[in-house]
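**Q** what's the 3D shape of this:
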Amino acid sequence: MGDKPTVALLGTGIMGAGMARNLLAAGLPTRVWNRSPEKALALAEVGAEVADSPRAAVNGVDVIVTMLRDGDTVEAVMTEAALGLHAGQLWAQTTTVGVEPVARLAKLAATHGLVLVDAPVLGTRQPAEQGQLVIFAAGPSSAKTSLAAVFDAVGRRTIWLAEDPAGAAASRLKLVVNSWVLAITGATAEAVALAKGLDADPRAFLDAVEGGSLDLPYLRVKSAAILEKNWEPTFSVSNAAKDADLIVAAGRANGVRLDIAEAMGARLHRAERLGHGEQDMAANYFASFGSEAG
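**A** Numbers count the residues shown, from 1 in each chain. As a prediction, the model looks like this:
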């Protein structure tokens, strides 16, 4: 493997498309695949080679990057890719899959002689497009140098946590961070909704906390999306609901009651049922007003 490893990126949705563009901008030969082909084909104009199957995508490359919906999807896609895999390939698994699936993915990697690095990323559409993701990585130290070009292309910082990916150190930390992200997102939406319900000016609320200890950049980002009715997804309601479920399940399995995460999961699923699943997760705002039949 040289300074510019060849890369197969499986999954070119909201996050994967930006990651692919940054890999290409860094001069890394990149092959892409997506279940919905049109999302992958859009990357051909910036130099990506588009594969028609996971098997074709991974065949002969140095590094495989998976950025898919969840652990089951990652496992299914990598199983589809099996006949194109070869021993010694590096597999950077960047999807947020939770804790339990990591051991299954580690077993799948071992079956095919892959070097797995569990590497969930922190960020949404804009950081992915700007190459500003934070990467939580768990994998053998031998992979650090080999993956440096890939991680440097898509992220601003990589935090290496453990040598054994099967221990899920990276995925555990990602759930902790995501619990904070979801709490802020839900609290922002509820505060703006309450302002509307009480006929108070939500901008006056934002002015009141501006510059103080209660102010947060993420409060500004998500309140702006709500007030401007900009629901273009940087991270969708449905994906946030999936992550909330993973967080609650991980807490329960380890004797930790997570009332806020559980409430946020219910709120996100309610927004999903009201038809906002593919909108930005700020659209959990609608869960404050929508009603469901029955």
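
**Q** contacting residues for residue 168?
**A** With contact taken as C-beta atoms under 8 Å, 6 or more residues apart in numbering, residue 168 is in contact with 99, 102, 103, 118, 138. (Glycine included, C-beta is placed from N, CA and C.)

**Q** so the first one sits right up against residue 172, yeah?
**A** Yes - at 6.0 Å, residue 99 and residue 172 qualify as touching, with contact defined as C-beta atoms under 8 Å.

**Q** intersection of neighbour lists for the two?
**A** If you check residue 99 and residue 172 against C-beta under 8 Å, 6+ apart, the residues they both contact are residue 250.

**Q** show me where the protein has strands.
**A** 7-10, 30-33, 49-50, 63-66, 90-93, 115-118, 121-122, 133-138, 155-162 (DSSP state E).

**Q** Would you mind giving those as a markdown table with distance to residue 263 and mean neighbour count added?
**A** A markdown table is the format used below for these (distance: least, C-beta to C-beta, whole Å; neighbours: other C-beta atoms under 10 Å):
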| stretch | distance to residue 263 | mean neighbour count |
| --- | --- | --- |
| strand 7-10 | 34 | 29 |
| strand 30-33 | 37 | 27 |
| strand 49-50 | 42 | 17 |
| strand 63-66 | 31 | 26 |
| strand 90-93 | 29 | 28 |
| strand 115-118 | 28 | 26 |
| strand 121-122 | 22 | 22 |
| strand 133-138 | 25 | 24 |
| strand 155-162 | 29 | 17 |
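
**Q** Among these, which comes closest to residue 18?
**A** strand 133-138 (8.6 Å; C-beta to C-beta).

**Q** Just the CA atoms of the closest one, as PDB, please.
**A** What follows is strand 133-138, C-alpha atoms only, in PDB (Å, rounded to 0.1, in the frame of the first residue of the first chain):
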ATOM      1  CA  LEU A 133     -15.500  14.800  10.900                       C
ATOM      2  CA  VAL A 134     -14.100  13.500  14.200                       C
ATOM      3  CA  ILE A 135     -13.200   9.800  13.900                       C
ATOM      4  CA  PHE A 136     -13.300   7.500  16.900                       C
ATOM      5  CA  ALA A 137     -11.100   4.600  16.100                       C
ATOM      6  CA  ALA A 138     -10.400   1.200  17.600                       C
END
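
**Q** Remind me what it packs against, helices and strands.
**A** Here strand 133-138 touches strand 115-118, strand 121-122, helix 142-154, strand 155-162, helix 169-197, going by 3 or more C-beta pairs under 8 Å, 6 or more residues apart in numbering; DSSP states H and E.

**Q** and it, how far from the chain's centre?
**A** 11 Å (C-alpha atoms, centre = their mean, to the nearest Å).

**Q** can you pull out the helices in the protein?
**A** With DSSP state H as the criterion, the chain has helices at 14-25, 37-41, 54-58, 71-80, 100-111, 125-130, 142-154, 169-197, 202-209, 217-227, 237-253, 259-271.

**Q** Out of those, which is closest to residue 8?
**A** Of those, the one closest to residue 8 (C-beta to C-beta) turns out to be helix 54-58, at 4.4 Å.
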